[in-house]
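Undergrad: below is the sequence, then the predicted model.
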Amino acid sequence: MKVIAMIPARYSASRFPGKLMQDLGGTPVILKTYKAVATTNLFDEVFVVTDSEIIFETIANAGGNALMSKKVHDCGSDRIAEAVEFMDADIVINIQGDEPFMDKVSLRKLINTFQNDTRKEVDLASLMVQMKHKKDIENPNNVKVITDNNNFALYFSRSVIPYLRDNDLAVKYYKHKGVYAVRKEAMIDFYHQEITPLEAAEKIEAIRYLEVGKRIKMIKTDVEAIGIDTPEDLENAKKFLKS
């Protein structure tokens, strides 16, 4: 089973333009993410896929593997799918470029999901971490996920799901972490499907996979990575490095 890691890297992020080139401990965020993924030694190959010459040159000049997108894409999965369509790969791990602290244990869990899936019942695997603080649960930047009894995703939303009607119930809330492991054929099916209405409304690409019938296995993790979506996140990441 050939497993490759692909890191989509768009320069003009809507909430924090140019965030991937921001300095984080003396290194641009995107390069720190690339190095963190490459040094896990879990992958046959690691690539950054970008629409930006600056990002491309940053990775290439550091001796990394970078690819330029040929088309304009609305989400990371489309950008990756264009790049991998004719590559030799079985499983593609989509790691967001703004996740510089991605941990090896969580990535290994994703890969193991497919190694253990002898019936090929899983199209995608992804990570979720429990949220316990009200401000985190209500933050629309934190994508929430609800699952069935076998931990297959039912829906993702920026809204608070589930809605707690009775306050005396013990309900757990889970945040979807920005990393996917995808069977290549599922990613290509995704790529050739138009953006779906719910995906467009929520701006969550995982919803398109659900809407076209793909099964997403959610894996629990206790590791709370620091994704960089806002300038405040960047400052928190800098504090984390110094701690």
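TA: Done, it's in.
Undergrad: looking at it, residue 81 is touching residue 190, isn't it?
TA: Yes: the pair residue 81 / residue 190 is scored as a contact, 6.4 Å apart, by Cβ atoms under 8 Å. (Each C-beta comes from the backbone N, C-alpha and C, glycine too.)
Undergrad: using the three-state scheme, assign residue 195.
TA: coil (DSSP: H, G, I helix; E, B strand; the rest coil).
Undergrad: what does the one 5 residues further on give?
TA: When the structure is split into helix, strand and coil by three-state DSSP, residue 200 lands in helix.
Undergrad: low pLDDT regions in the protein?
TA: 14, 168 (pLDDT under 70).
Undergrad: what packs against the longest strand belonging to it?
TA: Looking across the chain with DSSP state E, the single longest strand is strand 173-183. When contacts are defined as 3 or more Cβ pairs under 8 Å, 6 or more residues apart in numbering; DSSP states H and E, strand 173-183 packs onto strand 91-95, helix 104-115, strand 124-131, strand 144-147, strand 216-220.
Undergrad: all strands in the protein, in order from the N-terminus.
TA: Ranges of strands in the chain, per DSSP E, are 3-9, 23-24, 27-28, 45-50, 66-68, 91-95, 124-131, 144-147, 153-157, 173-183, 216-220.
Undergrad: and the second one, which strands flank it?
TA: Right, the one you point to is strand 23-24. Strand 23-24 sits in its sheet next to strand 27-28 (antiparallel), going by DSSP bridges.
Undergrad: mean neighbour count for the strands of the chain - can I get that in CSV?
TA: Converted to CSV, those look like this (neighbours: other Cβ atoms under 10 Å):
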stretch, mean neighbour count
strand 3-9, 26
strand 23-24, 16
strand 27-28, 19
strand 45-50, 23
strand 66-68, 18
strand 91-95, 25
strand 124-131, 21
strand 144-147, 20
strand 153-157, 19
strand 173-183, 23
strand 216-220, 20
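Undergrad: out of these, nearest to residue 76?
TA: When the strands of the chain are compared by Cβ to Cβ, strand 3-9 sits nearest residue 76, at 3.4 Å.
Undergrad: partner strands of the closest one, parallel or antiparallel?
TA: strand 45-50 (parallel), strand 91-95 (parallel).
Undergrad: take those strands and write them to a markdown table, including distance to residue 8.
TA: A markdown table is the format used below for those (distance: least, Cβ to Cβ, whole Å):
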| stretch | distance to residue 8 |
| --- | --- |
| strand 45-50 | 5 |
| strand 91-95 | 7 |
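Undergrad: nearest to residue 108, of the ones you listed?
TA: Closest to residue 108 of those, according to Cβ to Cβ: strand 91-95, at 10.8 Å.
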